[in-house]
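I would like the atomic coordinates for the input below:
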Amino acid sequence: MADYHDHNHAHNTNKKTLFISFLIIASYMFIEAIGGYLTNSLALLADAGHMLSDAFSLAIALIAFKLGEKVASQSKTFGYKRFEIIAAVLNGVTLILIALYIFYEAIERFTNPPEVASTGMLIISSIGLAVNILVAWIMMRGGDVEENLNMRGAFLHVISDMLGSVGAIIAALLIMFFGWGWADPLASVIVAVLVLRSGYYVTKSAVHVLMEGTPQNIDMNDVIQTIKKSAGIQSVHDLHIWSITSGLNALSSHVVVNNELTIAESEKMIHKIEHDLEHKGIQHVTIQFETSEHKHDNSILCKVKAESTGHLHHHH
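Numbers count the residues shown, from 1 in each chain. Below is the predicted model of the structure:
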């Protein structure tokens, strides 16, 4: 059970890390939004919008971790682990909307750049950069930013947020030294592109999970070979692999075996397959054994193929 223990430990540090990061980001977001409004800087407002989405994704990740702990019940047999993914979709869509709004605002400002209080803008964006660096450091030290989709989404937000602050700093300097008013809307557009990009990726990977897509880190053929290498297995069909939530993959399959297998032997075989698949990153394995006489074609994949060729076919 060492794996489970590690998972739990990572889970708790993830939660703590997220909570601290959320508090820091949320409080600075207000400062930046007010600052952007007072200094009349769209770049600062864009960055605050970015921070808002940051705070949002951190909050979602937190709620998802909390809900994910709720135990499975009869009406929700996987517990609440899916909430994380639905939250990620919401998060991604919000990002895309924020980005579009910033583009819309910036177009107007390119044609007639308003006066921007550049000194205030410089100070606020510099502190913003420091805040982001601090949060990124906290997350790298305490969180699982590689594996967990939720943590990774939140971490990538913070990183692109840094770039937003850098953009605002450069824009403020350009306005101070050269009087280039268009630097402000330009910086905001760059931030908007970053926001749009992360929104797109978060939405795409979350929708892939909701569509029961094969997890990105799983190689189907490799899995089939792993199952087939046990003695006595003839073929594998109706194989499905999907993610319940990030880091939790499930598999179901029909396996055709020799007629002579005893129950004890088949149980042993299943244990071995489960063990092998665990190393391939699949935690939840359901396998149905059948003998070659029992072959039948009610699999989703077979039906789909049959319909596309226009006639049903039976393997015998």
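
surely Leu239 forms part of a strand?
Yes - with DSSP: H, G, I helix; E, B strand; the rest coil as the criterion, Leu239 is part of a strand.

helix/strand/coil for the closest residue to it other than its chain neighbours?
What sits nearest to Leu239 in space, not counting adjacent residues and going by Cβ to Cβ, 6 or more residues apart in numbering, is Ser253, at 4.3 Å. For every residue, glycine as well, the C-beta is placed using N, CA and C. Three-state assignment for Ser253 (three-state DSSP): strand.

kindly report the same for Ile244.
Secondary structure, three-state DSSP: Ile244 is strand.

what about it, neighbour count?
Ile244: 18 surrounding residues under other Cβ atoms under 10 Å.

and for Asn217?
Neighbour number of Asn217 under other Cβ under 10 Å is 11.

any weak-confidence spans in the stretch 201-316 of the chain?
Scanning the stretch 201-316 of the chain for pLDDT under 70 picks out 246, 294-316.

which residues of it fall in strands?
Secondary structure of the stretch 201-316 of the chain (DSSP state E, counting those that start in this stretch): strands located at 233-245, 248-257, 284-291.

now swap in the stretch 1-150 of the chain and tell me
For the stretch 1-150 of the chain, no strands turn up when DSSP E, counting those that start in this stretch is the criterion.

surely Leu194 and His50 touch.
Yes - in this structure Leu194 lies within contact range of His50 using Cβ atoms under 8 Å: 7.4 Å.

between these two, point out the one with more neighbours.
Taking other Cβ under 10 Å, Leu194 and His50 do not tie; His50 has more neighbours (31 against 23).

which residues touch the more buried one?
Residues near His50 by Cβ atoms under 8 Å, 6 or more residues apart in numbering: Ile98, His157, Ser160, Asp161, Gly164, Val191, Leu194, Val195.

just the pLDDT at the first one, thanks.
Translated: Ile98. Listed pLDDT for Ile98 reads 84.

that one: what's it in contact with?
Gly49, His50, Leu52, Ser53, Ala192, Val195, Gly199 are the contacts of Ile98 under Cβ under 8 Å, 6+ apart.

switch the cut-off to 6 Å
For Ile98, the contact set (Cβ atoms under 6 Å, 6 or more residues apart in numbering) comprises Gly49, Ser53, Val195.

in PDB, list the C-alpha atoms belonging to stretch 25-40.
The C-alpha trace of stretch 25-40 is given here as PDB (Å, rounded to 0.1, in the frame of the first residue of the first chain):
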ATOM      1  CA  ILE A  25      -2.800  35.500  -5.600                       C
ATOM      2  CA  ALA A  26      -6.300  36.500  -4.700                       C
ATOM      3  CA  SER A  27      -5.200  39.400  -2.400                       C
ATOM      4  CA  TYR A  28      -2.700  40.700  -5.000                       C
ATOM      5  CA  MET A  29      -5.300  40.500  -7.800                       C
ATOM      6  CA  PHE A  30      -7.400  43.100  -6.000                       C
ATOM      7  CA  ILE A  31      -4.500  45.400  -5.600                       C
ATOM      8  CA  GLU A  32      -3.600  45.000  -9.300                       C
ATOM      9  CA  ALA A  33      -7.100  45.600 -10.500                       C
ATOM     10  CA  ILE A  34      -7.500  48.700  -8.500                       C
ATOM     11  CA  GLY A  35      -4.100  49.900  -9.600                       C
ATOM     12  CA  GLY A  36      -4.900  49.200 -13.200                       C
ATOM     13  CA  TYR A  37      -8.100  51.200 -12.800                       C
ATOM     14  CA  LEU A  38      -6.400  54.200 -11.100                       C
ATOM     15  CA  THR A  39      -3.300  54.300 -13.400                       C
ATOM     16  CA  ASN A  40      -5.600  53.700 -16.500                       C
END
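
good, wrapping up.
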